[in-house]
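Peer 1: okay, structure incoming, though there's no sequence with it:
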């Protein structure tokens, strides 16, 4: 993960299943936005969806809220 605007976001979810995306928007301590998709063999390619993580101080810690966009109804039913 290269947490800067334009940086890459690469994950190995399971052996042989990798995701890829980039960070188009970052507000340190408030919000991070990254594109998301499977690198190969899946029906949601890199950049096809977006994940936004909102951060807010909460009782000595941080509260997170995730918003996922760009999914079809099929993907929403399967993954979130």
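Peer 2: Received the coordinates, thanks. These numbers come from a predicted model, not from an experiment.
Peer 1: what segments of this protein are strands?
Peer 2: Here the chain has its strands, by DSSP state E, at 8-14, 17-22, 25-27, 31-36, 49-58, 61-69.
Peer 1: return the distance of residue 4 relative to residue 47.
Peer 2: From residue 4 over to residue 47 the distance is 17 Å, taken as C-beta to C-beta, to the nearest Å. (Each C-beta comes from the backbone N, C-alpha and C, glycine too.)
Peer 1: now do residue 20
Peer 2: Counting by C-beta to C-beta, the separation of residue 20 from residue 47 is 8 Å.
Peer 1: list residues touching both of those two?
Peer 2: When C-beta atoms under 8 Å, 6 or more residues apart in numbering defines a contact, the residues bordering residue 20 and residue 47 alike are residue 37.
Peer 1: partners of the residue nearest to residue 69 when sequence neighbours are not counted in the sheet?
Peer 2: By the measure of C-beta to C-beta, 6 or more residues apart in numbering, the closest residue to residue 69 outside its immediate chain neighbours is residue 50, 4.7 Å from it. With DSSP bridges applied, residue 50 shows beta-bridge pairing to residue 35, residue 69.
Peer 1: check this protein and tell me which residue is nearest its centre.
Peer 2: Most central residue of the chain, judged by C-alpha distance to the mean C-alpha position with C-alpha atoms, centre = their mean, is residue 51 at 3.8 Å.
Peer 1: for the strands of the chain, please prepare TSV with the additional fields mean pLDDT and distance to residue 43.
Peer 2: TSV is the format used below for those (pLDDT from 0 to 100; distance: least, C-beta to C-beta, whole Å):
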stretch	mean pLDDT	distance to residue 43
strand 8-14	88	15
strand 17-22	91	13
strand 25-27	96	26
strand 31-36	95	13
strand 49-58	95	12
strand 61-69	94	16
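Peer 1: wait, residue 49 touches residue 38, no?
Peer 2: No: Residue 49 lies out of contact with residue 38 (C-beta atoms under 8 Å); the separation is 10.1 Å.
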